[in-house]
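Enquirer: what follows is a protein structure lacking sequence information:
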């Protein structure tokens with residue numbers, strides 16, 4: 001028996017390490033941005049690359065968390081692709097102060113804004129606003145990608161929302177610093193100038209509503225870009241920018257000095273003790289997560305490898321066991337954990353409950369636990385591996401919809417920060433109830449084994465095939481067994497590709513795909529940034545049926 005367990009562990013571990021190798025390979029490709037040729041052009045202009053600027057600016061002895069590295073991955077093929085949506089976003093520290101940095105990548109279409117670029121920038125501002133986190137913009141962009149202007153310009157969540165947010169963030173007292181380190185054109189010119197302080201690099205930075213060619217076309221004036229909107233013009237004549245610098249490094253050094261002088265802030269008061277490593281080896285997670293996502297495992301074992309000293313104080317341990325609830329510490333921070341149990345358990349009535357399924361009793365328990373955490377100002381961590389709510393006459397008669405609604409209400413109205421990790425399955429209403437993207441987690445990440453969809457690939461493919469076959473029969477057409485199998489494979493492959501964590505990350509349904517060993521870091525940094533914003537409203541779930 002022990003040999004069987006060890007063999008399964010080794011198989012799982014090998015499979016997971018393969019996932020991590022693929023993750024590293026894909027990230028390394030993305031880190032190349034627009035490629036070596038375009039990078040060389042930036043270097044010829046005496047400019048740092050976007051990631052080099054961020055690396056120089058952020059404290060090297062502090063942790064960092066990149067948001068949206070996979071944004072736009074696999075999208076915009078007809079336009080030549082747009083790695084990381086042409087912008088790099090990292091949560092880190094400058095002179096010991098936590099902040100978020102947004103840097104245009106000029107190697108990708110000269111830093112032009114694609115639809116996903118706008119969505120990613122808005123996500124950075126959302127994180128800043130939710131947590132009152134200082135934000136630094138390193139601007140180097142040619143503006144809107146004109147062939148796709150209808151998908152980026154006029155709507156509520158498009159380009160203009162960025163500048164609206166600049167104004168709102170200023171009114172909230174959130175520090176915004178902008179450094180113009182390359183082009184800054186047209187409507188994009190408002191972003192740095194609506195910031196608290198606008199810096200510009202001499203000879204490489206420029207900012208204007210219309211460049212020299214458009215000025216010539218519009219009003220017939222002959223003028224070069226440097227005279228029109230360079231550093232000397234805006235620092236000495238127009239007063240649009242505040243200070244100019246001879247190169248990127250000196251500009252970034254100034255930002256470091258500026259951050260070193262920032263005062264303290266009111267805190268939310270989340271409780272933190274001395275950090276302790278898990279007593280159980282976190283690397284064992286690789287062997288505990290099944291290579292096949294349909295197999296069972298004990299979520300307690302995962303929690304023990306994520307929390308300080310592997311100490312988890314479970315709430316209602318013997319009731320509603322398909323969801324685990326309890327308090328623990330992560331990197332010293334007090335947290336409340338809500339996690340799907342992935343092994344078959346016995347209910348209070350002696351009935352078997354499937355792993356990964358939410359039952360009425362577990363929904364009721366989780367709702368009560370979430371209320372308790374809000375009452376006690378304890379941040380919430382959701383560990384998702386869920387196939388959905390239990391279906392069937394017994395569940396419907398028992399009020400599963402009512403109990404599910406209670407859980408969703410308690411979670412949606414939560415006033416303490418929420419953080420979500422998609423470990424495995426994230427299907428249907430289970431995604432919602434366990435704080436999916438639609439429910440405002442402060443940060444949401446997937447492990448390489450995460451899968452997000454309305455339902456599992458096999459179920460969905462069979463359902464879609466049945467619909468297609470029925471439609472053909474309604475037209476008086478027959479389908480052979482071979483064609484049916486071929487169609488099933490085509491549907492299954494397409495559906496499975498859309499459940500991939502990479503598909504989700506490319507569309508910013510998750511902020512990142514992470515190695516499980518980085519989970520503690522992400523949650524700790526997330527609670528620290530959430531601590532910048534005191535809770536100012538009472539917890540109220542509204543009307544719920546009991």
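Expert: That came through, no problem. Bear in mind the structure is a predicted one, so any value in this text is a computation, not a measurement.

Enquirer: residue 123 and residue 510 touch, don't they?
Expert: No. Using CB atoms under 8 Å, residue 123 is not in contact with residue 510; the gap is 10.9 Å. Backbone N, C-alpha and C define where each C-beta goes, glycine included.

Enquirer: among the two, which residue is more densely surrounded?
Expert: residue 510 (28 against 19; other CB atoms under 10 Å).

Enquirer: helix/strand/coil for the more buried one?
Expert: Three-state assignment for residue 510 (DSSP: H, G, I helix; E, B strand; the rest coil): coil.

Enquirer: so it makes contact with residue 504?
Expert: Yes. Contact criterion CB under 8 Å: residue 510 and residue 504 qualify, at 5.1 Å.

Enquirer: now the common contact residues for the two.
Expert: By CB atoms under 8 Å, 6 or more residues apart in numbering, residue 510 and residue 504 have these common neighbours: 446, 450, 452.

Enquirer: now the first one: how far from residue 265?
Expert: Relative to residue 265, residue 446 is positioned 31 Å away (CB to CB, to the nearest Å).

Enquirer: give me the more crowded residue out of these two.
Expert: When neighbours are counted by other CB under 10 Å, residue 446 and residue 265 differ, and residue 446 comes out ahead with 27 against 15.

Enquirer: for the more buried one, give me the pLDDT.
Expert: Listed pLDDT for residue 446 reads 98.

Enquirer: and if you look at residue 454?
Expert: 76.

Enquirer: repeat for residue 464
Expert: 66.

Enquirer: what does residue 100 give?
Expert: Per-residue confidence at residue 100 stands at 98 (pLDDT).

Enquirer: cool, residue 475 as well?
Expert: pLDDT, read off for residue 475, is 76.

Enquirer: how about residues contacting stretch 364-374?
Expert: Contacts of stretch 364-374 (CB under 8 Å, 6+ apart): 315-316, 319-320, 323, 325-327, 336, 338, 379-380, 403, 406-407, 409-411, 414-416, 433, 539, 541, 544.

Enquirer: low pLDDT regions in this protein?
Expert: Applying pLDDT under 70 to the chain flags the ranges 1-5, 187, 347-350, 397-398, 455-465, 469, 472, 484, 495, 545-546.

Enquirer: how far out from the middle of the chain is the lengthiest helix in it?
Expert: As assigned by DSSP state H, the longest helix anywhere in the chain is helix 2-31. Chain-centre distance of helix 2-31: 22 Å, with CA atoms, centre = their mean, to the nearest Å.

Enquirer: what does stretch 25-32 give?
Expert: Relative to its chain's centre, stretch 25-32 lies at 18 Å (CA atoms, centre = their mean).

Enquirer: which ones are touching the closest residue to residue 32 other than its chain neighbours?
Expert: For residue 32, ignoring the flanking residues on the chain, the nearest one in space by CB to CB, 6 or more residues apart in numbering is residue 83 at 7.2 Å. Contact analysis of residue 83 by CB under 8 Å, 6+ apart lists 29-30, 32-34, 72-73, 105, 108.

Enquirer: picking up where we left off before, helices and strands around the longest helix of the chain, which ones?
Expert: Judged by 3 or more CB pairs under 8 Å, 6 or more residues apart in numbering; DSSP states H and E, the packing partners of helix 2-31 are helix 285-288.

Enquirer: what about the strands in the stretch 151-300 of the chain?
Expert: 176-184, 197-201, 243-245 (DSSP state E, counting those that start in this stretch).

Enquirer: centroid residue for the protein?
Expert: residue 511 (1.3 Å; CA atoms, centre = their mean).

Enquirer: pull out the buried residues from stretch 80-91.
Expert: 81-91 (16 or more other CB atoms under 10 Å).

Enquirer: picking that back up, out of the strands of the stretch 151-300 of the chain, which gets nearest to residue 353?
Expert: Proximity to residue 353, assessed across the strands of the stretch 151-300 of the chain by CB to CB, is greatest for strand 176-184 (49.7 Å).

Enquirer: quick one: distance of that closest one to the chain centre.
Expert: 24 Å.

Enquirer: so what strands line up beside it?
Expert: For strand 176-184, the paired strands and their directions (DSSP bridges) are strand 135-141 (parallel), strand 197-201 (parallel).

Enquirer: just say which of the ones you listed is most tucked in.
Expert: With neighbours defined by mean count of other CB atoms under 10 Å, none of the strands paired with strand 176-184 is more surrounded on average than strand 135-141, at a mean of 27.

Enquirer: count of neighbours near residue 543?
Expert: Using other CB under 10 Å, residue 543 has 5 neighbouring residues.

Enquirer: pretty sure it sits in a strand.
Expert: No. Residue 543: not assigned to a strand; according to three-state DSSP it is coil.

Enquirer: residue 413 versus that one, what's the distance?
Expert: 11 Å.

Enquirer: now residue 300
Expert: With CB to CB as the criterion, residue 300 and residue 413 are 28 Å apart.

Enquirer: what's the answer for residue 258, then?
Expert: For residue 258, the distance to residue 413 - CB to CB - is 38 Å.

Enquirer: again, but for residue 284
Expert: Counting by CB to CB, the gap from residue 284 to residue 413 is 36 Å.

Enquirer: please apply the same query to residue 335.
Expert: 19 Å.

Enquirer: how about residue 293?
Expert: Taking CB to CB, one finds residue 293 at 31 Å from residue 413.

Enquirer: quick one, which of the contacts of stretch 364-374 are buried?
Expert: 315-316, 320, 323, 325-327, 336, 338, 379-380, 403, 406-407, 409-411, 414, 416, 433, 539, 541.

Enquirer: for residue 119, which non-adjacent residue is closest in space?
Expert: residue 508 is the one closest to residue 119 (CB to CB, 6+ apart), at 5.8 Å.

Enquirer: equivalent analysis for residue 41, please.
Expert: residue 107 (7.8 Å).

Enquirer: what about residue 534, how many residues nearby?
Expert: Counted with other CB under 10 Å, residues neighbouring residue 534 total 11.

Enquirer: for it, list the residues it contacts.
Expert: Residue 534 neighbours (CB under 8 Å, 6+ apart): 266-269.

Enquirer: next, residue 382: phi, psi?
Expert: phi -110, psi 130 (degrees, to the nearest 10).

Enquirer: that one and residue 440 touch, don't they?
Expert: No. With contact defined as CB under 8 Å, residue 382 does not reach residue 440; the gap is 11.9 Å.

Enquirer: overlap in contacts of the two?
Expert: Common neighbours of residue 382 and residue 440 (CB under 8 Å, 6+ apart) are residue 418.

Enquirer: of those two, who's got more company?
Expert: residue 382 (25 against 16).

Enquirer: now do the same contact list for the more buried one.
Expert: When contacts are counted by CB under 8 Å, 6+ apart, residue 382 touches 337-339, 418-421, 434-435, 441.

Enquirer: take these and keep only those in strands.
Expert: The strands, defined by DSSP state E, take in 337-339, 418-421 from the contacts of residue 382.

Enquirer: what's around residue 377, how many residues?
Expert: Residue 377: 15 neighbours (other CB under 10 Å).

Enquirer: please report phi then psi for it.
Expert: Given degrees, to the nearest 10, the pair of backbone angles that residue 377 has is phi 60, psi 50.

Enquirer: surely residue 56 touches residue 48?
Expert: Yes. Between residue 56 and residue 48 there is a contact at 6.7 Å, judged by CB under 8 Å.

Enquirer: shared neighbours, the two?
Expert: Common neighbours of residue 56 and residue 48, using CB under 8 Å, 6+ apart, are 248-249.

Enquirer: between those two, which is the more surrounded one?
Expert: Using other CB under 10 Å as the criterion, residue 56 and residue 48 rank with residue 48 on top: 23 against 15.

Enquirer: rewinding a little: now, of the contacts of residue 83, which are buried?
Expert: 30, 33-34, 72-73, 105, 108.

Enquirer: can you tell me which of those residues end up in helices?
Expert: Among these, the residues falling in helices (DSSP H) are residue 30.

Enquirer: which of the residues in stretch 184-203 are buried?
Expert: 184-186, 188-202.

Enquirer: alright, I will stop here.
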